[in-house]
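A.B. asks: sequence first, then the predicted structure, then my questions.
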Amino acid sequence: MSSRSATRGYSFEFMNIIKANERFNCKIPDKTKKWCHSKGQKKFNALEENEKNEMVRASEALMDFIEGYEDWIDETVYIERVSSQGGSTDVRDIRFIKKEKDNTIQLEVGISLKSNNDAVKHQRISPNIDIGKEWLGFAADDEYINNINNFFNNFSSYCQRNNINKFKELDDKSKLLYEPLCTEVANYLDRAFAGENGVEAMRNFITYLIGSRDFYKAQANFNEGELIIRSFNFRDQIGTGDLLELPTKCYESIPKKSSRGNVNRVFLAFNNGWETEMRLHNAESKITNSLKFDTRLVGIPHNAWQTRINF
């Protein structure tokens, strides 16, 4: 994620915490207060005035939605920033929680906040990462492990022979790097989903992408002045939307071209309406054996609830 995107993302989190406190008189835990003062406020102050105003309007629109659909939220509820640790499957950015007298959680609802982007995951690929274990819950097969190690070894040797130190110095980054890696990942996922643990691997993959807890995804498109709110309800833990079914079949796992004709994506189509697209890119300018996928849900179940709010 670029520093610009990070600034906007943190700012949107900060403003929603502030507006939740104003609207519902929520309690703010000390850890979240500290983050707001040390980082959130600073990121928000770095925005242009028009951007600040857009953030305020979008956050107020989200609080209107929450007030209408989660009527248990009041002054006894905490609003906190979710600080997920590495490897966490919790994709929420903020959450409202109501506690019992013994401090256990009675009710909660989490929100994943998106500012001008709709990516659900930014996962890495490298010879040191077993994507089978990390994405699917099962160790990758020997074919993938051997192929991915051989590829990165050959790529490193090629760069050293040609004195290439930065990705932009590659003559054809798509052919040399993106296409073979996307092909390898697509082939591996195809094998994994067709295997004996395929159904569980597919369910784990979707859970890896969108999290292990029910949540609302609030995507603010500031250019259009529109807030899109979707309900991801698998366990009946939030107040809106039908229960969604996870996939049990994979119809397609293929490398895919971008609009420019370069193969730098992996497209996956499952039953029950799930489709994902993973765009591969180098996250750093300097040559390294680590790249990143930006993963989007391009298809969701037909009964997934959503609403659009202008702000």
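C.D. replies: Cool, the structure landed.

A.B. asks: I'd like the next helix or strand past the lowest-mean-pLDDT helix or strand in the chain.
C.D. replies: Using mean pLDDT, DSSP states H and E, strand 119-125 stands out as the lowest-scoring helix or strand of the chain, at a mean of 90. Per DSSP states H and E, the first helix or strand lying C-terminal to strand 119-125 is helix 131.

A.B. asks: gap between that following helix and the chain center?
C.D. replies: For helix 131, the distance from its own C-alpha centre to the chain's C-alpha centre is 16 Å (CA atoms, centre = their mean, to the nearest Å).

A.B. asks: cool, stretch 148-163 as well?
C.D. replies: 30 Å.

A.B. asks: list the buried residues for that stretch?
C.D. replies: In terms of neighbour count (16 or more other CB atoms under 10 Å), stretch 148-163 has its buried residues at 148, 151-152, 155, 159. For glycine as for every other residue, the C-beta is placed from the backbone atoms N, C-alpha and C.

A.B. asks: neighbouring contacts of the least confident helix or strand of the chain?
C.D. replies: Contacting residues not belonging to strand 119-125 are listed as 1, 91, 131, 134-135, 148, 181, 185, 208-210, 280, 283, 290-297 [CB atoms under 8 Å, 6 or more residues apart in numbering].

A.B. asks: also stretch 64-81?
C.D. replies: Residues outside stretch 64-81 that contact it (CB under 8 Å, 6+ apart): 13, 17, 20-21, 23-29, 31-32, 35-36, 40, 93-99, 107, 109, 218, 227, 229, 238-240, 307, 309.

A.B. asks: generate a PyMOL selection restricted to the buried subset of the residues you listed.
C.D. replies: To isolate the buried ones among the contacts of stretch 64-81 in PyMOL, judged by 16+ other CB under 10 Å, type:
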select buried, resi 13+17+20+21+23+24+26+27+28+32+35+36+40+93+94+95+96+97+109+218+227+229+238+239+240+309
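
A.B. asks: sort out for me which of the contacts of stretch 64-81 are in helices.
C.D. replies: Those of the contacts of stretch 64-81 mapping onto helices are 13, 17, 20-21, 23-24, 31-32, 35, per DSSP state H.

A.B. asks: mind putting those into a markdown table with distance to Asp141?
C.D. replies: Output for the ones in helices among the contacts of stretch 64-81, formatted as a markdown table (distance: CB to CB, whole Å):
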| residue | distance to Asp141 |
| --- | --- |
| Glu13 | 39 |
| Ile17 | 44 |
| Ala20 | 46 |
| Asn21 | 50 |
| Arg23 | 51 |
| Phe24 | 50 |
| Lys31 | 42 |
| Thr32 | 43 |
| Trp35 | 41 |
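
A.B. asks: out of these, flag the one nearest to Leu177.
C.D. replies: For these, the closest approach to Leu177 (CB to CB) belongs to Glu13, at 33.4 Å.

A.B. asks: contacting residues around the closest one?
C.D. replies: With contact set as CB under 8 Å, 6+ apart, Glu13 has these partners: 40, 81, 93-94, 113.

A.B. asks: hmm, try it at 10 Å
C.D. replies: By CB atoms under 10 Å, 6 or more residues apart in numbering, Glu13 lies in contact with 32, 35-36, 39-40, 43-44, 59, 81-82, 93-94, 111, 113, 115.
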